[in-house]
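[1] Show me how the following folds:
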Amino acid sequence: MNKTVIFCILWICFLLSACSPPLQKYSRSLRITEKPENRLYTLSIEQWGSVKFSGLLALQFNGSSLSYAMLDATGIKLIEGEVDFQGKYTIKSAMTGLKGSSLPGYLSTSLARTFLMIPLDNPCSRDGLMLFCISLSEGGYNKIMKIEPFTLWEVQRSNGVIVYLQPWFGMRMTFQPGE
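    Now for the predicted structure:
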């Protein structure tokens with residue numbers, strides 16, 4: 001009896017793994033968007049409704065990557081880096097207090113998701129339980145990454161204003177275009 005139960009469990013596991021979708025790297029389900037224009041944004045970073053940073057963000061698109069500089073309100077460069085569409089980043093310079101913090105990595109990942117990533121299959125790509133969709137609307141778009149039914153992150157663009165959200169961490173980044 002015991003051997004029969006073990007055999008059945010192993011057989012079910014074999015069937016489930018043989019019928020499952022192939023494993024894919026996260027970056028394979030993504031491709032590069034059309035090249036946006038270089039811009040200067042007013043950037044606001046909030047967590048649980050409390051403003052953590054307010055300043056400027058300069059972006060320069062270089063093929064499949066994005067160079068950026070985050071500046072405080074007076075124009076002092078706090079972080080300079082580059083990120084590609086897969087989210088791999090290099091920090092070129094950071095102020096002393098920010099070098100050891102998680103802000104440079106978080107900013108790079110957020111920028112890749114906001115400006116460089118779109119689903120491979122429009123409007124949605126699926127990789128196992130992960131679902132990545134983009135929907136176009138008048139004056140903007142909405143990108144969302146979910147592990148059904150939970151939202152991991154979301155990008156909302158409407159009339160030039162871009163909002164990046166991570167609901168589980170209470171994070172909100174707002175990109176207001178400069179004039």
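
[2] For the lengthiest strand in the chain, output the C-alpha coordinates as PDB.
    For the chain, the strand with the greatest residue count under DSSP state E is strand 50-62. Taking Å, rounded to 0.1, in the frame of the first residue of the first chain, the C-alpha atoms of strand 50-62 are listed here in PDB:
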ATOM      1  CA  SER A  50       5.200  60.100   3.200                       C
ATOM      2  CA  VAL A  51       7.500  61.900   0.700                       C
ATOM      3  CA  LYS A  52      11.000  60.400   1.000                       C
ATOM      4  CA  PHE A  53      12.600  62.300  -1.900                       C
ATOM      5  CA  SER A  54      11.700  65.200  -4.200                       C
ATOM      6  CA  GLY A  55      14.100  66.400  -6.900                       C
ATOM      7  CA  LEU A  56      15.000  66.100 -10.600                       C
ATOM      8  CA  LEU A  57      15.800  63.100 -12.800                       C
ATOM      9  CA  ALA A  58      17.600  63.500 -16.100                       C
ATOM     10  CA  LEU A  59      17.300  60.600 -18.600                       C
ATOM     11  CA  GLN A  60      19.300  59.800 -21.800                       C
ATOM     12  CA  PHE A  61      18.300  56.800 -23.900                       C
ATOM     13  CA  ASN A  62      21.200  54.800 -25.500                       C
END
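
[3] Contacts for that strand next, please.
    35-46, 66-73, 75, 78, 82, 111, 115, 175, 178 (C-beta atoms under 8 Å, 6 or more residues apart in numbering). Where you see a C-beta, it was placed from the backbone N, CA and C, and this is true even at glycine.

[4] for the record, mean pLDDT for that strand?
    If you average the pLDDT over strand 50-62, you get 94.

[5] Starting from the helix or strand just after that strand, tell me which strands it pairs with and how they run.
    Downstream of strand 50-62, the first helix or strand assigned by DSSP states H and E is strand 65-71. Sheet pairing of strand 65-71 (DSSP bridges) gives strand 50-62 (antiparallel), strand 77-84 (antiparallel).

[6] buried residues in the last one?
    When you say that, I think you mean strand 77-84. Buried residues in strand 77-84, counted by 16 or more other C-beta atoms under 10 Å: 78, 79, 80, 81, 82, 83, 84.

[7] Could you dump these into CSV with distance to residue 92 added?
    Shown next, in CSV, are the buried residues of strand 77-84 (distance: C-beta to C-beta, whole Å):
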residue, distance to residue 92
78, 12
79, 9
80, 4
81, 6
82, 7
83, 11
84, 14
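
[8] beta partners of residue 42?
    In this structure, residue 42 bridges to residue 56, residue 176 when assessed by DSSP bridges.

[9] so how far is residue 130 from it?
    Going from residue 42 to residue 130 by C-beta to C-beta, to the nearest Å gives 32 Å.
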